[in-house]
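In: sequence and computational prediction follow.
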Amino acid sequence: MKDYFVHDSSIVETKDVGPNSRIWAFVHISKGVKIGRNANICDHCFIESNVEVGNDVTIKCGVYLWDGMKIEDGVFIGPGATFTDDKYPRSKNKDYKKENIILEKGCTIGANSTILAGVKIGEYSMIGAGAVVTKDIPSFSVAYGNPAKVKGYVCICAKKMNFTKDEYKCSCGRSYIKVGDKISLI
């Protein structure tokens, strides 16, 4: 007996689905996909072979994930977010070069944003709705616009952080330091 839910209208070709996950209406999940525990995959999604979906991930309606993508634990993908896997697409291109996207732990991808091939979205970063992400986004960053640019920093709790002297502080009480381009929890 399965310990996860699959809506009757969905096609799930993988057997690697973690407990307490929910796969809703009109979803197609290909062979070779790995889905962690407690994932929520909403209506009208497609997940191509060799995608890894971590634990506690939410994928809202109308999202398509392409071969080789990695979605780490706790990621939220908003409705209609678009991902690409080829920077120079052409129909029937024999020289197709796939470039994978990595969504690191706890990051948020806003509704209707577009993430280009080969991009890595850092831990706990937040991509604004409608953003077009053309390059890697550092951990704990807020990025939006076209092309998306880093406009500030957010805490694990998703609140905006303020920079004071040598550290970033959040109203929730957490503090972070920045060394080079990397922000870390103190």
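Out: Good, I have the coordinates. Residues are numbered from 1 along each chain as shown.

In: ok, now which ones touch the most far-flung residue of the chain relative to its centre?
Out: Residue farthest from the centre of the chain, counting by CA atoms, centre = their mean, is K165 at 31.8 Å. Counting by CB atoms under 8 Å, 6 or more residues apart in numbering, K165 makes contact with nothing. Just so you know, the C-beta spots here come from the backbone N, C-alpha and C atoms, and that holds for glycine as well.

In: how near is it to Y96?
Out: For K165, the distance to Y96 equals 50 Å [CB to CB, to the nearest Å].

In: what's the answer for A158, then?
Out: For A158 relative to Y96 (CB to CB), the value is 37 Å.

In: could you do I156 as well?
Out: Using CB to CB, I156 is found at 38 Å from Y96.

In: those two: which is more packed in?
Out: Using other CB atoms under 10 Å as the criterion, I156 and Y96 rank with I156 on top: 16 against 11.

In: is the more buried one part of a helix or strand, or is it coil?
Out: When classified by DSSP: H, G, I helix; E, B strand; the rest coil, I156 comes out as coil.

In: where does this protein dip in pLDDT?
Out: Residue ranges of the chain with pLDDT under 70: 1.

In: residue nearest the centroid of it?
Out: Centre-nearest of the chain using CA atoms, centre = their mean is L103, 4.3 Å out.
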